[in-house]
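Trainee: Kindly generate the corresponding structure for this input.
(chains A and B)
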Amino acid sequence: MTVTRGEFRNLLKGLAFLSPWLVGFAAFMLLPIVLSLYYSLCDYNLLQGPAFIGTGNYRGLLNDGVFWRSLRVTMLYAAISVPMGLLVSLGVALLLNVRLRAQPIFRTLIFLPSLVPTIASAILWKWMFNQRLGVINRVLSPLLGWLHLPGPPWLDQSKWVVPSLALMSVWSVGNTVIIYLAGLQDVPRELYEAAELDGANPLQRLLNVTLPMISPVIFFNLIMAIIGILQVFDTPFMMTAGGPNRASYFYTYYLYDNAFTYLKMGYASAMAWIQLLLVLALTGIAFWSSKRWVHYQGK
Amino acid sequence: MAGTLEGPLKRFSRFILGVMVVGALYVLIFGPRSEPSLPPGRQGDLVLHYWEKWLGKEAEAMQQIVDDFNNTVGAKKHVYVEMMSMSDIDQKTLVATAGGVPPDIAGLWDPMVVQLGSLGALEPLEDLAKAHGITQGYYRPVFWNGCHFNGHLYALVSTPAAVALIYNTRIFHENAGKLRAAGLDPDRPPQTIDELNRYADVLTEFVTDAQGQRRVRRAGYLPMPPDFDWYVTSMPLWFGNDEWDASARRFTLTDPAVLRAFQWLESFPRKLGKDAVSEFSTSQGGFNSPQNSFIAGTLAMEMQGPWMANYIHILRPSMDHDWAAAPFPSAVPGLKNVTYCPFDALMIPRGCRHVSEAFEFIAFVNQPDEMEKLCTLHCKNSPLTEVSWNFLHHHPNPYIGVFEDLSASPNAHVTMQCPIAQEAGAELTAIVQGVLALELDPKPALERAQVRLQAKYEEFETNLNRRMRQ
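Mentor: Presented below is the predicted three-dimensional model:
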């Protein structure tokens, strides 16, 4: 097969137009990924050249209590935040799918928090979580007073801080809701009509029609949530600085500290690769389990 | 269809190409230049890039010193300093130095002297300092030692501090009867840790809210005031020991003095109730706000630096005459004038192309009149051995003499001079938080930290030795 001069010229033009992305990908993604794998096997502090130490960083991590603690914190957050986020966003999407006159307004209101910059929402929530002055404890005060309980110190006690941050994460489910809404509007009407003819009540229609039909969307949101949750950094960085007593010291936060505060870039690179393997493992489990609960139309 | 679109698509692709070429040319011709626009008459001067962490008023004060340099020594020697204020300066300096394009001067923090110095990332300055007459006798020992690591001078001070006990004299006088009844003198500050505990007990007040919860209305003393946890990990100094033995290169976290300090911290939530302390802390405003617990009058005593005078004056001028400063009391009989002296430092990163010119500026900042001007504007004490009458008597902090005496004391200490001080600081802060929340027992927590940090230090040393062999 020969390439004509015109085809070759078109190929060059195509590559030229792609080049900003190709160069950016190679320089800022591919090269750092490859280098980080090498650095993970080195003692590297950024200021001096990398010195090869084999698996020393990985062995060091296995004996590092803070590494395990940060991993536990992240997993606890994921265990609360992922199911809660998926359930809340699905519930909200189901409500927003109901035909109402003010439907666009509700959709906009639900989506708006996703547009608020993280720093702004962090400051806002820090005040909302304030033990004495925060709106959350103010709202709960009649109930707490009746039970003779003090308002929880949301961000100031180890046992409360991760659930509080998980609760906060639900505030910005707007993007997930939009994806669910698109999936819900794709469910064929005739399936609901057939189910109604068979005498299915609304709950049965939800369980037997809606959920199976949007299961690929749920699966997509699950994968995105797993990937995102394991990289949580900005919110605890701004709201709690990892405290109290490292109770909100997330994996990525410890990675960042190792890289840029303690100047242990090799150690941080090893953490990044373990993080990648974790994401791959959890995503793999999700894909493996998807055979049982994800249904694709036409299959 | 394809045939009909081919023409417009071709034209569109040419248009996009044209836009890209014009854009690239525009950036090349009118885009940003690496050199700043110099004032008239200074064209051709050597431009020094000075990165500084300060923002707002503190940066404006430093800009005055930069302007003084540019108008005097700089004008004579054809050197022009361009100061750039920035956040996250430590990381930016690190990345720029690693990339081989560091600033000529970096305004960083004291723990970075040892951290960056131990990695060979700073220019040694001892010869230049000597040539400018800046030698040991010129500086207070605590700051001179703090600028050194492994026999090299890696920085000079831009502004220093010393921490002391500051106390609300109005609260003392309003509670004079109660203090006297407890055998305490309301006209003077506590002299020992035991006395400080007793003053704090008398001055602490509780209220019971509508839900029947007991709350702290006013705290006599809290080891970690709301939004201010800068120095709490240095507490063992007042109990007779540091957390790092520089000569033995060992952490000393299991030393009885360190343990006593952490047990003392633990005594506050035990006495007041951890929920009451937590609730009190969260209900106060940030450090730089009128709701700052000391400024709002809900905290009677705290450990603070000399700058507090500025904050009080700006945030609550009516309190200007209602406070005083004194050395923070020690727990060890006979151990007087103990203080912790953090400082801001000017350093020259490795790879700087104009080292002697950069030092010219650093030496200028360290001239007595410029240093006193800067420290007055920042409301801090001076790092220099000699201070003028004018400095002491026209300083915005009426108690500046207390801070000067403290920084001159043989019991003044700087941040632990350990290459992994940042990691150790994070570990100790976590322990303090755990102890104050009564989640950690100080003794086992310190024992675990000792093992962990010592192993981290030995790993650092092993890696350093391996590099030196290579």
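
Trainee: isn't there a strand covering residue B:167?
Mentor: Yes. Residue B:167 forms part of a strand when assessed by DSSP: H, G, I helix; E, B strand; the rest coil.

Trainee: Correct me if wrong: it contacts residue B:327.
Mentor: No. Applying CB atoms under 8 Å, one finds residue B:167 not in contact with residue B:327, separated by 11.7 Å. Bear in mind the C-beta positions are built from the backbone N, C-alpha and C, glycine included.

Trainee: contacting residues around the residue of the stretch 151-300 of chain B found nearest chain A?
Mentor: In the stretch 151-300 of chain B, the residue that lies nearest chain A is residue B:283 (3.7 Å; CB to the nearest CB). Applying CB atoms under 8 Å, 6 or more residues apart in numbering or on different chains to residue B:283 gives the contacts A:130-133.

Trainee: ok, back up a step: for residue B:167 and residue B:327, work out which one has more neighbours and name it.
Mentor: When neighbours are counted by other CB atoms under 10 Å in any protein chain shown, residue B:167 comes out ahead of the other of residue B:167 and residue B:327, with 27 against 22.

Trainee: Name whatever forms a beta bridge with the more buried one.
Mentor: Beta bridges link residue B:167 to residue B:301, residue B:324, judged by DSSP bridges.

Trainee: for it, what are its contacts?
Mentor: Under the criterion of CB under 8 Å, 6+ apart, the neighbours of residue B:167 are B:189, B:300-301, B:323-326.

Trainee: which residues of the stretch 101-250 of chain A fall in strands?
Mentor: Here the stretch 101-250 of chain A has no strands by DSSP state E, counting those that start in this stretch.

Trainee: and the residue nearest to residue B:255 when sequence neighbours are not counted, what pLDDT?
Mentor: Closest residue in space to residue B:255, ignoring its immediate chain neighbours: residue B:241 at 5.0 Å, by CB to CB, 6 or more residues apart in numbering or on different chains. Here, the pLDDT recorded for residue B:241 equals 92.

Trainee: Counting neighbours, what do you get for residue B:241?
Mentor: Neighbourhood size, residue B:241 [other CB under 10 Å]: 19.

Trainee: got the phi/psi numbers for it?
Mentor: Taking degrees, to the nearest 10, you get phi -150, psi 160 for the backbone angles of residue B:241.

Trainee: so it makes contact with residue B:257?
Mentor: Yes. Residue B:241 sits in contact with residue B:257 when judged by CB under 8 Å, with a separation of 3.7 Å.

Trainee: Which neighbours do the two have in common?
Mentor: By CB under 8 Å, 6+ apart, no residue touches both residue B:241 and residue B:257.

Trainee: Would you mind listing the residues in contact with residue B:216?
Mentor: B:204-206, B:272, B:276-277, B:279-280.

Trainee: actually residue B:128, not the one I typed
Mentor: Residues touching residue B:128, when contacts are defined by CB under 8 Å, 6+ apart, comprise B:355-356, B:359, B:363.

Trainee: Looking at these, which is nearest chain A?
Mentor: Comparing the contacts of residue B:128 against chain A with CB to the nearest CB picks out residue B:355 as the nearest, at 17.1 Å.

Trainee: And the pLDDT at the closest one?
Mentor: Each residue has a pLDDT score; the one for residue B:355 is 96.

Trainee: Tell me who's in contact with it.
Mentor: Neighbours of residue B:355 in contact, by CB under 8 Å, 6+ apart: B:123, B:128, B:348.

Trainee: Repeat that for residue B:381.
Mentor: Applying CB under 8 Å, 6+ apart to residue B:381 gives the contacts B:160-162, B:306, B:375, B:400, B:403-404, B:406-407.

Trainee: Just confirm residue B:207 is within a strand.
Mentor: Yes. When three-state DSSP is applied, residue B:207 is found to be in a strand.

Trainee: Chain neighbours aside, what residue packs nearest to it?
Mentor: In space, residue B:207 is closest to residue B:217, 4.6 Å off (CB to CB, 6+ apart).

Trainee: Which pLDDT value belongs to that neighbour?
Mentor: The score at residue B:217 is 93. That number is its pLDDT.

Trainee: where are the low-confidence patches of the stretch 1-150 of chain A?
Mentor: In the predicted model of the stretch 1-150 of chain A, residues A:1 satisfy pLDDT under 70.

Trainee: Run through the residues of it sitting next to chain B.
Mentor: Counting by CB under 8 Å from any CB of the partner chain, the residues of the stretch 1-150 of chain A lying close to chain B are A:13, A:17, A:43, A:45-48, A:51, A:53, A:60, A:65-66, A:130-133, A:141, A:144-145, A:148, A:150.

Trainee: Pull out the buried members of these.
Mentor: Taking 16 or more other CB atoms under 10 Å in any protein chain shown as the criterion, what is buried in the residues of the stretch 1-150 of chain A next to chain B is A:43, A:45-48, A:53, A:60, A:66, A:130-133, A:141, A:144-145, A:150.

Trainee: Most widely separated two among those residues?
Mentor: In terms of CB to CB, those reach their longest pairwise distance at A:48 and A:145, which sit 60.2 Å apart.

Trainee: tell me the mean pLDDT over stretch B:221-234?
Mentor: Along stretch B:221-234, the predicted local confidence has a mean pLDDT of 79.

Trainee: of the contacts of residue B:216, list those near chain A.
Mentor: Taking CB under 8 Å from any CB as the test, chain A is in contact with residue B:279 out of the contacts of residue B:216.

Trainee: Narrow the contacts of residue B:216 to those that are buried.
Mentor: Listed as buried from the contacts of residue B:216 are B:204, B:272, B:276-277, B:279-280; burial here means 16+ other CB under 10 Å.

Trainee: Stretch B:101-110: end-to-end distance?
Mentor: Using CA to CA, to the nearest Å, the end-to-end distance of stretch B:101-110 comes to 22 Å.

Trainee: which parts of that stretch are buried?
Mentor: With the criterion 16+ other CB under 10 Å, stretch B:101-110 contains buried residues B:102-110.

Trainee: circling back: ok, now which ones touch the residue nearest to residue B:255?
Mentor: For residue B:241, the residues meeting the contact criterion (CB under 8 Å, 6+ apart) are B:252, B:255, B:257-258.

Trainee: Inside helices: which ones of those?
Mentor: When those are checked against helices (DSSP state H), the matches are B:257-258.

Trainee: nearest to residue A:244, of the contacts of residue B:241?
Mentor: The nearest member of those to residue A:244, counting by CB to CB, is residue B:258 at 20.7 Å.

Trainee: Can you tell me the closest non-neighbouring residue to that closest one?
Mentor: If the residues on either side of it in the chain are set aside, residue B:258 comes closest to residue B:236, at 4.3 Å by CB to CB, 6+ apart.

Trainee: who's in contact with the one you found?
Mentor: Taking CB under 8 Å, 6+ apart, one finds B:242-243, B:255, B:257-258, B:260-262 in contact with residue B:236.
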